[in-house]
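[1] Have a look at this prediction, sequence included:
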Amino acid sequence: MLELAILGFLYEAPLHGYELRKRITALTGHVRPVAESTLYPAIKRLEKAGLLARETQPGAVAAPRHTLTLTAEGRAELVRRLAEPEQVEITDENRWFTLLAFLRHLPEPARQAEVLRRRLRFLEEPASFFYEGERPLSAEELDDPFRQGILTVARATSAAELKWLRATLRSLG
């Protein structure tokens, strides 16, 4: 998720590490805050893999700053990851939102639609956070008001996402 966010934001514009961290935190921070100790090793891995480049610029007031840019290989890698997301990026809501934030960079509407169809198929499968054996339980079947709340909110969220997915798939053709 972190590498996808790095590639996605740098696809849009070269950024300093601090600005990149702010943007990633705005996207995912409420769930997974991005620490420097996590971000900078990921940047170094991507740089070592030839997916991004670092350019040193003199600082206006302080030390020199490093601007990060995607290489041609980095741009191609982002497109590949968007077109062929791992299943966990379809099923995990936080990873899905990160993928969705950059899906517009996948140039072909048909490929965008295929990713959306994978999410749609996942959401259409019967599921719950709570089960009786193999059978998913609904909010109405539970006595616990807090678990009912989880399922009620999840049902409303899923309904809104399903509506959006279907409308977007129609618009993509």
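    Great, that's in hand.
[2] And the helices in this protein?
    2-12, 17-28, 36-48, 72-83, 87-91, 93-102, 109-124, 145-172 (DSSP state H).
[3] if you skip the residues just before and after it, what's nearest to the residue most central in space within the chain?
    Nearest to the geometric centre of the chain sits T98, at 1.3 Å (Cα atoms, centre = their mean). Computed as Cβ to Cβ, 6 or more residues apart in numbering, the closest residue to T98 that is not its neighbour in sequence is M1, at 5.0 Å. C-beta here means a position set from N, CA and C on the backbone, and glycine is covered the same way.
[4] winner for burial among the helices of the chain?
    Among the helices of the chain, helix 2-12 has the highest mean neighbour count (mean count of other Cβ atoms under 10 Å), at a mean of 21.
[5] and that helix, how far from the chain's centre?
    Remark: helix 2-12 is offset 10 Å from the chain centroid, using Cα atoms, centre = their mean, to the nearest Å.
[6] What of stretch 76-86?
    Worked out by Cα atoms, centre = their mean, stretch 76-86 lies 12 Å from the chain centre.
[7] List the contacts of that stretch.
    Residues outside stretch 76-86 that contact it (Cβ atoms under 8 Å, 6 or more residues apart in numbering) are 4, 7-8, 11, 51, 70, 99, 102-103, 105-107, 111, 114-115, 118.
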